[in-house]
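K.L.:
Okay, sequence plus prediction incoming.
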Amino acid sequence: MKKEIEAYKKVSDLGLPNGYLVSGYFDQKGNVNENFITFWAEDIAKKLGQSSPDMKKHQLRKFFNHVKSLERRLYLSDFEKINKDLKMLLSYATSAAFASPPKIPRLFEEFIKRNLASIKDSKTFLAFVQHFEAIVGFSEKYLKKN
């Protein structure tokens, strides 16, 4: 339990919302927790726009488009067939966050890392897609075009 609390503190230090992913994506009724599509989505979009370097819309879209292509593939096959390509998102995010100069903020890399660790099956993957889509929607308000 102490390790989980320390890991949680590290995440919140990077700017992810308090309580983020602590209980997974779903509420007690098995529905996606509405914080993922409202409050937390907007908070993350806002922080991405304020980070250094700030997240650009085209970078966010690049990652989101990859996730949406995996969602389309999921409907044609099963989760195990897309899981390896999904896990590659972390290497793409790490590469972009640690490039010289960095292309994306470390906050986004941590967002990808935390969410990938929470995705265990098609249901959790689809909850992530919905969450990510909400962030992209809010990003119109907070992120710069170029």
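P.N.:
Arrived safely, thanks for sending. Residues are numbered from 1 along each chain as shown.

K.L.:
Was I right to think L74 contacts S122?
P.N.:
Yes. The pair L74 and S122 passes the contact test of C-beta atoms under 8 Å, sitting 6.0 Å apart. C-betas here are computed from N, CA, C, even on glycine.

K.L.:
mind checking how far F125 is from D54?
P.N.:
Noted for F125: a distance of 28 Å to D54, by C-beta to C-beta, to the nearest Å.

K.L.:
same question, V136
P.N.:
From V136 to D54 the distance is 15 Å (C-beta to C-beta).

K.L.:
Compare the two (neighbour count), which wins?
P.N.:
More neighbours surround V136 than the other of V136 and D54, with 20 against 15 (other C-beta atoms under 10 Å).

K.L.:
Assumed that one was part of a helix.
P.N.:
Yes. Under DSSP: H, G, I helix; E, B strand; the rest coil, V136 falls within a helix.

K.L.:
and it, what does it touch?
P.N.:
A45, L60, R61, F64 (C-beta atoms under 8 Å, 6 or more residues apart in numbering).

K.L.:
Any idea how many residues pack against the last one?
P.N.:
It refers to F64. Neighbours of F64 (other C-beta under 10 Å): 16.

K.L.:
host element of it?
P.N.:
helix 57-76 (DSSP states H and E).

K.L.:
What residues sit buried inside the helix or strand just after that helix?
P.N.:
Where DSSP H and E defines the elements, the next helix or strand beyond helix 57-76 is helix 79-97. Buried positions in helix 79-97, judged by neighbour count with 16 or more other C-beta atoms under 10 Å: F79, I82, N83, L86, L89, A93, A96, A97.

K.L.:
can you list the weak-confidence ranges in the chain?
P.N.:
1-14, 146 (pLDDT under 70).

K.L.:
change it to 80
P.N.:
Low-confidence segments of the chain (pLDDT under 80): 1-14, 145-146.
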